[in-house]
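> model the structure of this input:
(2 chains)
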Amino acid sequence: MKAAFLVFAVLFVGGCASGAASRNMVPKDLAVANIHPYSVLVKVDGGRETSAVGTSQISSPEFQAAIVDSLTTYGMFKAVLTEGITDYKLEAAILNLQQPLFGFDVTVTIETAWKLTDLKDGRAVISENFINSYTATTGDAFAGVTRLRLATEGAARENIRDALKKISGIKF
Amino acid sequence: MVGKIFPGLLVCCALLVAQGCSVNRATATMAPGADLSGIRNIYVVKEAGDDHSIDELIKMKLTKMGYTATNGPELPLPYNADAVLTYVDKWMWDMTMYMLELTVHVRNPQTNASLAVGNSYHTSLSRKTPEEMTDEVLSNIFRNTKPTVVSK
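Here you go, the predicted structure:
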């Protein structure tokens, strides 16, 4: 009976998907070219909640938290807010998240659109799409659902890195 | 012992199956600052391996909505259109084949960057026809956008 319960528990827990976590989407080694002495408002759209029987997804609040944490960690702006009045607005939308159904090496591709607007005159400082991929292998995780989550978080992390690198490279 | 475990397992499985049967989702997301109001001519790219002619359904719906739509294979950039539509359709079998999910991207004809995406997801018990799924996705994407009327 114990064995049957164990098998069931392993199958059940092993099959449950968990969503991408913001802390795992923060780039670890971002080289910041310019620090902007302004405040910025961060808004995110297009995320999706993860259901227990579905695949690992990126929710808007987690993606937003990852962007806010990244901007704060690297001190790219004077202040980073999610509500209120600021000098600039940074919008990001998750437009595509391609995930395989199964596989040993799991590659996830993400496409996002980013726009940084100067709220003083409505001028777009940057308006660009970024496409990134990340592969998680069996060396990263044995369970398929965990491997998919790691690949999803990795793709999002690379995506945030590229977008913030672009933003930090612009002088304004 | 097995007799005691079996009903519990059955309930758990039934719960999992029931959860899977009741998922309905219909969303649309625009790229920040994207403006679809100037779009009139749309080229629908037929997905490789699509044997359900979804590109024809999309074209018909767009025409009904007032756009000038053409369809065909993927072409090298840039497209001679105001926007390009690509799609991914996923099908599932449950007594009969049904469309589980339809995702449609509106893309920039010069760069292929996604401007907007719509998604419709309905599992078996709440399944919709491909026509209904197409209607739902395109209506959500172009909800507040009417095609520009060109006066002659």
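> for the longest helix seen in chain A, packing partners?
When chain A is parsed with DSSP state H, its longest helix is helix A:144-169. Helices and strands touching helix A:144-169, as assessed by 3 or more C-beta pairs under 8 Å, 6 or more residues apart in numbering or on different chains; DSSP states H and E, comprise helix A:60-73, strand A:88-98, strand A:106-118, strand A:123-136. Quick note: C-beta positions are derived from backbone N, CA and C, even for glycine.
> and the closest residue to residue B:57 other than its chain neighbours, how many neighbours?
Spatial nearest neighbour of residue B:57, chain neighbours left out: residue B:134 (4.6 Å); criterion: C-beta to C-beta, 6 or more residues apart in numbering or on different chains. Per other C-beta atoms under 10 Å in any protein chain shown, the neighbour tally for residue B:134 reads 26.
> now residue B:134: phi and psi?
Backbone geometry at residue B:134, expressed as degrees, to the nearest 10, gives phi -60, psi -50.
> ok, it to residue A:72 distance?
Residue B:134 sits 43 Å away from residue A:72, going by C-beta to C-beta, to the nearest Å.
> what's the answer for residue A:136, then?
On the measure of C-beta to C-beta, residue A:136 and residue A:72 end up 27 Å apart.
> what about these two, which has more around it?
Using other C-beta under 10 Å, the more surrounded residue of residue A:136 and residue A:72 is residue A:136, with 24 against 13.
> how about the helices and strands packed on helix A:144-169 in a markdown table, adding distance to chain B and mean pLDDT?
Compiled in a markdown table, the helices and strands packed on helix A:144-169 are given as follows (distance: least, C-beta to the nearest C-beta, whole Å; pLDDT from 0 to 100):
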| stretch | distance to chain B | mean pLDDT |
| --- | --- | --- |
| helix A:60-73 | 10 | 98 |
| strand A:88-98 | 4 | 97 |
| strand A:106-118 | 3 | 97 |
| strand A:123-136 | 4 | 96 |
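> does residue A:40 sit in a helix, a strand or a coil?
For residue A:40, the secondary-structure state derived from DSSP: H, G, I helix; E, B strand; the rest coil is strand.
> need the contact list for it.
With C-beta atoms under 8 Å, 6 or more residues apart in numbering or on different chains as the criterion, the residues that contact residue A:40 are A:71, A:77, A:79, A:80, A:81, A:86, A:87, A:88, A:89, A:90, A:116.
> in the sheet, who's paired with it?
Here residue A:40 sits in beta bridges with residue A:80, residue A:88, as judged by DSSP bridges.
> and residue A:97, by the same measure?
When assigned by DSSP bridges, residue A:97 has beta-bridge partners residue A:110.
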